[in-house]
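Trainee: Could you work out the structure for the sequence below:
(chains A and B)
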Amino acid sequence: MSFREKLLDLKRRLSDRKMYSIVVVVIAAVAIWGIYQYRHAAKLRQMLDNQYNRSFYEMIGYVNNVETLLVKSLIASTPARTAATLQEAWRQANLAQTSLGQLPVSQPVLANTSKFLTQVGDLAYALNNQNMDGKTLSEDQYKTLEKLHGYAVSLNNSLNDLQAQIAGGRIRWGELESKGPTLFRRTSANLPAQQFENIDKTFQDYPTLIYDGPFSDHLVTAEPKGVTGDQLNEDQARQKVISFFGADRVESVDNAEKVDTDPIKTYTFTVKFKNVPEDQTASISVTQKGGHPFWMIYNRPVNEKKIGIDQAKELGRQFLESRGFKNMVDTYYLAEDNTAIINYAYRQENVTIYPDLIKLKIALDNGEIIGFEGKGYLSAHTERTIPAPKITLEQARAKINPKLQVLSSGLAIIPTDYKTEIFTYEFKGKLNDKDFLVYINAENGKEENILMIVNTPNGILTM
Amino acid sequence: MNKFRMAVVIVLILALTTTSFYGGKYFITSMSPALFPGSSGDEVKRLQQSLKNWGYYDGGIDGRYGWETFMAVRDFQSSYGLKANGIACRNTLMAMGLSRIAQKGVAYAAPQRISDEQLLARAINGEARGEPYEGQVAVGAVIINRIRDPKFPKTIAGVIYQPGAFTAVSDGQINVPIDSNSTVVKAARDALNGWDPTNGCLYYWNPATATSKWIWSRKIVKKIGKHYFGK
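Mentor: A predicted model of the protein is given here:
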């Protein structure tokens, strides 16, 4: 049958009355389905737009509050009032940052705005803590706050401009992320992102080194204390890797890669083992200076558990000692899927030094070390001169909430958010069936930190 | 002709019925579960917490259905006019408002809270399924590094669901459930426990498929598998 005949045949069939009604019904059904889908999609689109609008309007509100609170903190005269104001500024800045992360604007465009909000929050938090101790703002801190307030004002203004455009219907969120025809995108979608970019430019020149907070840049790039020794070349580093795993086990050490960007400069190798399937390789990174192990990952299937956690802790300690990490004591652990992750801290003169942290991953089938993580140790480890505590154990104990039943005590050095260290008394205690660790500053008796110990079937963790 | 008509009718019926099922819920009837002496686990913990809140129980929340729990359940049952046998049967659990335990089938059919580990594992699965293990840990580490960086949101969910941040989120691959024995779960765990093969990187991209010009302005730190990692 030729095509023409087929068409004629179709025409003849369509003129059949029953057939005609069927075709009409089918078309109607498809149309109904189409309308349903269209309305469904439109509803979803609207819901999404509403979400974006909500985040955006909330962010404007929060930024507005941050600006007001910053200026109030400049005016407040008592440390207590300043502390209360700054605490609220910290909260509002965090909320603003959360809302910002929900907007459909690409991350690089908003990176500096986000950073600004985080730093305002962190500075407010740090100053709040200082003010709660009764100290007033120093002249420098006052100037910093003043400057941050200035940036907050300009952010506020740009956001209000943008809000006017969005409210006026000139910018739609959908256009921002729609993957429609390129032409459409070129004309409309670039516009809102550019608006946001203009906001971000305000912060381009904003100094990154404003204060010593958790996110302060100079602390991240600080010289790691534990990386000591001579600069090694690739072959010397390879020898270090072989002695780390044991010369009798290693088949080959390949794929050296030199990483120079981090404060901890490293060589990374891929290690093949004897009598082990080809694809089960380990990756290890050692420092260029001294060849200290930085991290190691060895992914192999772990068979049925044969050794207990106490035995694993001891095996890990022996391993560390034989690799030159002396005086390491286990602190917390987590056991899952026949592997245990055990934290070891350095101990010097009966003081547990938590910043000098090494994590080992141990396979519980044969006790082999299948993971090593030594960033904490390499960043912080050094022989410290530990002073005698200024307050006695009894004085420190008196500072603890009397409801806590103290089980044990000792001395410890703990890290702070600001990458400094505090010398403390560590008390382990019980309240309402829950175990806690309380840290009392050994110099001034201040309660520095409280951790809750979570005893799970899988291990001991802190929160 | 008749066959054709039948086919049309069947298609129509199917089309209409399936649309009416949209948004419908499926209920699974429970298998009359009960908690009894010797039971253990999170459900017993919830039972103990409820009994403790109402003053029937003053032991520890240890998730073990022991003597004290037994006595507490019995006290509860007698004061609520239930059969005081010390076994937390379906009726007792319903009376306590612990219907999630009572309707076990429904509880497991409903979407459960996805822990950070599972969320991270899903992201790694969507982004780096075919990569070597080290590359999977690296992708997880980038997400963790972002949490600590002021330029990004501060929670795992915030970072992963940031609009446009990960293609696996945009195309819905993030919703693929992961088997808990899968290597991506191990990789997620390692990343959460602090292993970072990227030395602190915040970005990664596949040089073969990356479309953003901006991403090439990043400083390349290292290459793992198919991905470049950078700051």
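Trainee: switch to C-alpha atoms for all contacts and neighbour counts from now on
Mentor: Noted.
Trainee: Now do the strands for chain B: every range, in order, please.
Mentor: B:203-205, B:220-224, B:227-230 (DSSP state E).
Trainee: What average pLDDT does stretch B:35-55 get?
Mentor: Taken as a whole, stretch B:35-55 has a mean pLDDT of 80.
Trainee: all strands of the stretch 251-400 of chain A, in order?
Mentor: A:266-273, A:282-287, A:293-298, A:328-336, A:339-348, A:351-363, A:369-373 (DSSP state E, counting those that start in this stretch).
Trainee: that older thread, confidence-wise, which of the strands of chain B is weakest overall?
Mentor: strand B:220-224 (a mean of 86).
Trainee: Out of the strands of the stretch 251-400 of chain A, name the one with the poorest average pLDDT.
Mentor: Minimum mean pLDDT among those: strand A:328-336, a mean of 84.
Trainee: So B:Val73 is in contact with B:Cys89, correct?
Mentor: No - assessed by Cα atoms under 8 Å, B:Val73 is found out of contact with B:Cys89, at 10.0 Å.
Trainee: Between the two, which is the more surrounded one?
Mentor: B:Val73 (24 against 17; other Cα atoms under 10 Å in any protein chain shown).
Trainee: what's the closest non-adjacent residue to that one?
Mentor: Leaving out its chain neighbours, the residue that sits closest to B:Val73 by Cα to Cα, 6 or more residues apart in numbering or on different chains is B:Gly86, at 5.1 Å.
Trainee: Give me the number of neighbouring residues for that neighbour.
Mentor: Based on other Cα under 10 Å, the number of other residues close to B:Gly86 is 21.
Trainee: quick one, what contacts it?
Mentor: B:Phe36, B:Phe70, B:Met71, B:Ala72, B:Val73, B:Arg74, B:Gln77 (Cα atoms under 8 Å, 6 or more residues apart in numbering or on different chains).
Trainee: export those residues to a markdown table and tack on distance to A:Asn401?
Mentor: Converted to a markdown table, the contacts of B:Gly86 look like this (distance: Cα to Cα, whole Å):
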| residue | distance to A:Asn401 |
| --- | --- |
| B:Phe36 | 38 |
| B:Phe70 | 34 |
| B:Met71 | 33 |
| B:Ala72 | 31 |
| B:Val73 | 34 |
| B:Arg74 | 36 |
| B:Gln77 | 38 |
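Trainee: For the residues you listed, pick the one with the most neighbours.
Mentor: B:Val73 (24 neighbours).
Trainee: ok, that one to chain A distance?
Mentor: 20 Å (Cα to the nearest Cα, to the nearest Å).
Trainee: contacting residues around that residue?
Mentor: Per Cα under 8 Å, 6+ apart, neighbours of B:Val73: B:Leu51, B:Tyr56, B:Ala84, B:Gly86, B:Ile87, B:Ala88.
Trainee: Sitting in helices, which of the residues you listed do you find?
Mentor: B:Leu51 (DSSP state H).
Trainee: The contacts of B:Val73, buried ones only, as a PyMOL selection?
Mentor: To isolate the buried members of the contacts of B:Val73 in PyMOL, using 16 or more other Cα atoms under 10 Å in any protein chain shown:
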select buried, chain B and resi 51+56+84+86+87+88
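Trainee: would you turn the contacts of B:Val73 into CSV with distance to B:Gly200?
Mentor: Formatted as CSV, the contacts of B:Val73 follow (distance: Cα to Cα, whole Å):
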residue, distance to B:Gly200
B:Leu51, 47
B:Tyr56, 51
B:Ala84, 60
B:Gly86, 55
B:Ile87, 53
B:Ala88, 51
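Trainee: which stretch among the strands of chain B comes nearest chain A?
Mentor: Shortest distance between chain A and the strands of chain B, using Cα to the nearest Cα, is found for strand B:220-224: 6.4 Å.
Trainee: Now do the closest one against strand A:266-273, angle only.
Mentor: 10 degrees (axes from the mean of the first three to the mean of the last three Cα atoms, to 10 degrees).
Trainee: what are the pairing partners of strand B:220-224, and which direction each?
Mentor: strand B:227-230 (antiparallel) (DSSP bridges).
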